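Trainee: the following block contains a protein sequence and its predicted model.
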Amino acid sequence: MPAALQFSLLGLLVGLAAGAATGPLAEDHPVLPTWKCTTSGGCVQQNTSIVLDRDSKLAKGAAGSRSAADYTAMGVTTSGNALTLQHYVNGQAASPRVYLLDSTTNKYVMMTLQDNQELSVDVDLSSLPCGENGAFYLSEMAADGSGGAGSGTGYCDAQCPSSQCCNEMDILEANSMATAMTPHPCKGSNCDKSGCGYNPYASGQRNYWGPGKTVDTSKVFTVVTQFAASGGKLTQITRKYIQNGKEIGGGGTISNCGAEGGSGGLTGMGQALGRGMVLAMSIWNDPAQQMAWLDAGSNGPCASGQGSPSQIQSQHSDTHVVFSNIRWGDIGSTTKS
């Protein structure tokens, strides 16, 4: 074989090997049924599954092919319509983040929620102590994950990780002691990183959220987030809860989110919701601030030091969150029996 041809073939083989290491990962996606609803037609089950964030997998050294068993090792399991995210697995932090995937197209599900739509989910965060965050939120990622949705690529949010900025709607950031709902609109790379959130405790409702309180976080409950629009523009985001068959009001309303000329304001957030956003779910803690911005000081009842990751791991090693029965569609359509 001529030397030039040998060199060419060797280069091709090296390229293929590199592509196998850096290209999309082949994996089995755990099935997670969800429902899309209308007031006229009820709720229709969707062919959906979940995919682990690619960067999280690579950070754990999980290159190559994947399987459902690997998801378990990363703290992710599904059962029926329920997704469980476990922070620690075998004494090691997994802290998984997953996205909702259309199993038919192998692209992310794009939820369009601006025009009088709502998103509901049943939540069990009874095992989340101070310092933990069970997050259920929307990110304006590309439907194809910028080329690899099937392996969890393309993440972006309003904090601009790796300079990837995009609109972010934090539907629920919570533990058993505190919660917040926060739009983070972006106009280009100008993002409202702090957001314009609603936290019941910070708003003076000190007995609203927690074990045995108005929203009893020791038990499962339904979180309903409604996006009201007028004249094609998002005008209000409203939160309510359902527990033990009863609707609980007072969950908060957001009708302003900064100037449109800056990061886009509530109008810009609505435009992103109209274009379609990807559902992300994660569990994490915060070594830098110990989640004080969510649950300590004026934001919640947690004391200094309670949110330390080392304390959480030693005292709450089984901390996890369960998201189930995910439904989206016309306002009033997702929680009908």
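Mentor: Everything's here; your move. Numbering: from 1, shown residues only.
Trainee: how about low-confidence regions in the stretch 51-200 of the chain?
Mentor: Flagging of the stretch 51-200 of the chain using pLDDT under 70 yields the residue ranges 59-69.
Trainee: not counting sequence-adjacent ones, nearest residue to residue 169?
Mentor: residue 138 (4.2 Å; Cβ to Cβ, 6 or more residues apart in numbering). The C-beta positions use only the backbone N, C-alpha and C, and glycine is treated the same way.
Trainee: how near is that neighbour to residue 181?
Mentor: Distance, residue 138 to residue 181, by Cβ to Cβ, to the nearest Å: 12 Å.
Trainee: need the overlap of contacts for these two.
Mentor: Counting by Cβ atoms under 8 Å, 6 or more residues apart in numbering, the residues touching both residue 138 and residue 181 are residue 171.
Trainee: quick one, strands of the stretch 201-337 of the chain?
Mentor: Secondary structure of the stretch 201-337 of the chain (DSSP state E, counting those that start in this stretch): strands at 209-210, 215-216, 221-230, 233-243, 246-248, 253-254, 278-285, 320-330.
Trainee: same check, this time on the stretch 1-150 of the chain
Mentor: 34-38, 42-46, 48-52, 76-79, 82-86, 88-89, 92-93, 97-102, 107-108, 117-124, 132-139.
Trainee: can you list those strands in a markdown table and add distance to residue 259 and mean neighbour count?
Mentor: Below are those laid out as a markdown table (distance: least, Cβ to Cβ, whole Å; neighbours: other Cβ atoms under 10 Å):
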| stretch | distance to residue 259 | mean neighbour count |
| --- | --- | --- |
| strand 34-38 | 34 | 19 |
| strand 42-46 | 37 | 14 |
| strand 48-52 | 36 | 24 |
| strand 76-79 | 39 | 18 |
| strand 82-86 | 36 | 20 |
| strand 88-89 | 42 | 18 |
| strand 92-93 | 39 | 13 |
| strand 97-102 | 31 | 23 |
| strand 107-108 | 30 | 22 |
| strand 117-124 | 25 | 22 |
| strand 132-139 | 22 | 24 |
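Trainee: let's have the ones you listed in TSV, adding distance to residue 149.
Mentor: Listed next are those as TSV, based on distance: least, Cβ to Cβ, whole Å:
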stretch	distance to residue 149
strand 34-38	16
strand 42-46	16
strand 48-52	7
strand 76-79	17
strand 82-86	18
strand 88-89	25
strand 92-93	25
strand 97-102	7
strand 107-108	5
strand 117-124	20
strand 132-139	12
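Trainee: residue 86 is in contact with residue 322, correct?
Mentor: No. Between residue 322 and residue 86 there is no contact under Cβ atoms under 8 Å: 10.0 Å.
Trainee: hey, what's in contact with both of the two?
Mentor: With Cβ under 8 Å, 6+ apart, residue 322 and residue 86 have no common neighbours.
Trainee: all helices for the chain, in order.
Mentor: When assigned using DSSP state H, the helices of the chain occupy the ranges 3-22, 54-59, 68-73, 265-275, 292-295, 309-315.
Trainee: low pLDDT regions in the stretch 201-337 of the chain?
Mentor: Those would be 337, if you go by pLDDT under 70 across the stretch 201-337 of the chain.
Trainee: can you do 90?
Mentor: 336-337 (pLDDT under 90).
Trainee: can you tell which of the strands of the stretch 201-337 of the chain is closest to residue 171?
Mentor: Distance to residue 171, taken as Cβ to Cβ, is lowest for strand 221-230 among the strands of the stretch 201-337 of the chain, at 5.2 Å.
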